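**Student:** sequence? don't have it. structure:
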């Protein structure tokens, strides 16, 4: 839960800073910091991939997971949810509601929240969530400066959502052998690399369509792992 608590704290702190400072902070500073976070995310992804002990498990997980995710259209569905909620509150005079809904969606609906929470629960490593926490803190400053206190309250669904995933992952950790946890970490690392490419605008990878890959090692691991 450490990663989620830190993430929640940065959203709260960022929101307060944004409310107090309004538009004093230049947008170009946010852009430079986000680029740095993109590079850090890339490094984290590569370090996680190196945990793999059987590359065939990593390869099959990504291929099968991508096929399943593409068939289910996960990325399109997440995009639809985001646009639907955005359109629902577009033009509303209720800044609190708009700030709360918009930032709750940004902070919770995304592969990094899921991957980071799972990694925190399985291994206790919250590096992914720490990186996300910094990015969310920057985002909350920007949104709170225009949408107000509603952004601050988006920390609550973030805490409940990521915290629940972490607790669930922690509960099943004892059922998984170390070799399987390593492969799950490697698959997550591959997805994190894809996220880094998106953050750095190197390409547009539909990482959400790759999320089913996280389940594949659980299904095929017994055939390839010692």
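**Tutor:** Okay, I see it. Quick caveat: nothing in here was measured; it's all calculated off a predicted structure.
**Student:** Low-confidence regions, this protein specifically.
**Tutor:** Along the chain, segments meeting pLDDT under 70 span 23, 25, 27, 30, 82, 85-94, 109.
**Student:** Which stretches in it count as helices?
**Tutor:** Using DSSP state H, the helices of the chain run over residues 2-21, 27-49, 55-72, 74-88, 95-108, 111-123, 127-147, 150-153, 155-172, 178-199, 216-224.
**Student:** Can I get the ones you listed in a markdown table including mean neighbour count and distance to residue 210?
**Tutor:** Where you see a C-beta, it was placed from the backbone N, CA and C, and this is true even at glycine. Output for the helices of the chain, formatted as a markdown table (neighbours: other Cβ atoms under 10 Å; distance: least, Cβ to Cβ, whole Å):
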| stretch | mean neighbour count | distance to residue 210 |
| --- | --- | --- |
| helix 2-21 | 20 | 21 |
| helix 27-49 | 16 | 12 |
| helix 55-72 | 17 | 5 |
| helix 74-88 | 14 | 9 |
| helix 95-108 | 20 | 18 |
| helix 111-123 | 24 | 8 |
| helix 127-147 | 22 | 15 |
| helix 150-153 | 24 | 29 |
| helix 155-172 | 17 | 17 |
| helix 178-199 | 22 | 5 |
| helix 216-224 | 16 | 10 |
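**Student:** Residue 13 contacts residue 137, doesn't it?
**Tutor:** Yes: taking Cβ atoms under 8 Å as the definition, residue 13 is a contact partner of residue 137 at 6.3 Å.
**Student:** Could you report the separation of the spatially most central residue of the chain from residue 2?
**Tutor:** Closest to where the C-alpha atoms of the chain average out (Cα atoms, centre = their mean) is residue 112, at 1.6 Å. With distances defined as Cβ to Cβ, to the nearest Å, the gap from residue 112 to residue 2 amounts to 16 Å.
**Student:** Please apply the same query to residue 12.
**Tutor:** Relative to residue 2, residue 12 is positioned 16 Å away (criterion: Cβ to Cβ).
**Student:** Ok, residue 172 next?
**Tutor:** The separation that residue 172 has from residue 2, given Cβ to Cβ, amounts to 18 Å.
**Student:** likewise residue 162?
**Tutor:** From residue 162 over to residue 2 (counting by Cβ to Cβ), the distance is 11 Å.
**Student:** cool, residue 117 as well?
**Tutor:** With distances taken as Cβ to Cβ, residue 117 is found 11 Å from residue 2.
**Student:** so what's the nearest residue to residue 73 once chain neighbours are set aside up against?
**Tutor:** Residue nearest to residue 73 in three dimensions, not counting chain neighbours: residue 209, with 7.7 Å by Cβ to Cβ, 6 or more residues apart in numbering. For residue 209, the contacting residues are 66, 69-70, 72-75, by Cβ atoms under 8 Å, 6 or more residues apart in numbering.
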